[in-house]
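Novice: Next come a sequence and a model predicted from it.
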Amino acid sequence: MDYKVSGSDIILHERELSLDDTLDCGQAFRWESIPSDYFRTYKGFFKNIPLMISEKEYGKGEFILHNVSEEDFLGVWLDYFDLSTDYGELKRRFCEDETLKKACEYGAGIRLLRQDAEECLISFILSQNNNIPRIKGIIGRLCEMYGGFPDFSAMKGVTPEELAPLRAGFRAKYIADCSERVNSGSLDIERVKGLPLDKAAGELMTVKGIGPKVAMCVLLFGMYRTDAYPVDVWIKRVNEQYYPNGLPLCVKGNEGIAQQYLFHYIRNLKT
DNA sequence: TTCCAGGCGTATC
DNA sequence: GATACGCATGGA
């Protein structure tokens, strides 16, 4: 990775990144592809800080972060896009395994985004028994309602009835319950970040609507716990088909990152 | 019309 | 602890 300041923009060089692979692979729900003169341009947010980012040409690894100061690049986006991690090295390790080798080739530009914990809590509660376009729709309406993605203090005292316009269905009561738990102090997100994986998952699962899969998603996507391995219907198929005796040793400590490649691969395999 | 979607709570054994 | 079943909503 390297970068330079160009006027009010940041020019980023990073071979191991594709906007489609990373921003539209189901780990984040607030990025949208918009028309532009470049190969791809996306608009989205980290914690309500907006960003427009372009990928100049397909596969060239050159990106423009529009109207971003060097300070914000180093303080926000370097971290968000996990640019300090060497994904080339990670993938070389993963490639010891035949299935992962194919998955890494297929979704070569996937990176694990370091997202906000509160946003991931809400987003992945909404994700259960739901599809990605609809999850995006619900989150879009949530942001409209609150003028940006709300933190839990903004949702203090919220009832399922007040959340009805989101059309989140039965998940509205889970969001309200989670908000209550955080605002009352009975769920301490910062404390969960410091717990061992199983304890952390167990703590999250005390919230109504959070089971093993959602808990692992929150840990992986919202707390950068790279050893968290969320098992949804797709990864269940991967496990049964390719890893009946467990994951290969080469993913040790990075099970969650491997999961991203596997998820993307298996989901698109049938087509 | 019926089925399904990045699951989970509840009832029942 | 394992296994069925319902669940809001909307697109295919």
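Specialist: Yes, it's here. Residues are numbered from 1 along each chain as shown, chains lettered A, B, ... in the order given.
Novice: what about the residue in the stretch 51-200 of chain A that DNA strand C sits nearest to, neighbour count?
Specialist: With C-beta to the nearest atom of the strand, the shortest gap between the stretch 51-200 of chain A and DNA strand C falls at residue A:169, namely 2.6 Å. (C-beta placed from N, C-alpha, C; glycine too.) Residue neighbour count, defined by other C-beta atoms under 10 Å, stands at 13 for residue A:169.
Novice: and the stretch 1-150 of chain A, which residues reach DNA strand C?
Specialist: For the stretch 1-150 of chain A, the residues in contact with DNA strand C (C-beta under 7 Å from any atom of the strand) are A:129, A:130, A:131, A:133, A:134, A:137.
Novice: Out of the residues you listed, grab the one that's most surrounded.
Specialist: residue A:137 (17 neighbours).
Novice: what about the residue of the stretch 1-150 of chain A found nearest DNA strand B, neighbour count?
Specialist: Nearest to DNA strand B in the stretch 1-150 of chain A, going by C-beta to the nearest atom of the strand, is residue A:26, at a distance of 2.8 Å. Neighbourhood size, residue A:26 [other C-beta under 10 Å]: 18.
Novice: where along the stretch 1-150 of chain A do the helices fall?
Specialist: Counting by DSSP state H, counting those that start in this stretch, the segments of the stretch 1-150 of chain A that form helices are A:19-23, A:70-72, A:78-80, A:87-94, A:98-106, A:117-126, A:132-146.
Novice: Any idea what residue A:44 is bridged to?
Specialist: Bridge pairing for residue A:44 (DSSP bridges) gives the partners residue A:51.
Novice: Which strands and helices lie in contact with the helix or strand hosting residue A:240?
Specialist: Using DSSP states H and E, residue A:240 falls within helix A:233-242. With contacts defined as 3 or more C-beta pairs under 8 Å, 6 or more residues apart in numbering; DSSP states H and E, the packing partners of helix A:233-242 are helix A:255-269.
Novice: pLDDT score assigned to the closest residue to the residue of the stretch 1-150 of chain A closest to DNA strand B other than its chain neighbours?
Specialist: Spatial nearest neighbour of residue A:26, chain neighbours left out: residue A:132 (5.4 Å); criterion: C-beta to C-beta, 6 or more residues apart in numbering. pLDDT for residue A:132: 96.
Novice: Which residues are in contact with whatever residue of the stretch 101-250 of chain A ends up closest to DNA strand B?
Specialist: In the stretch 101-250 of chain A, no residue comes nearer to DNA strand B than residue A:211, which is 2.3 Å away by C-beta to the nearest atom of the strand. Taking C-beta atoms under 8 Å, 6 or more residues apart in numbering as the criterion, residue A:211 is in contact with A:128, A:205.
Novice: for the one 3 residues further on, same thing?
Specialist: By C-beta under 8 Å, 6+ apart, the contact set of residue A:214 is A:124, A:125, A:127, A:128, A:204, A:230.
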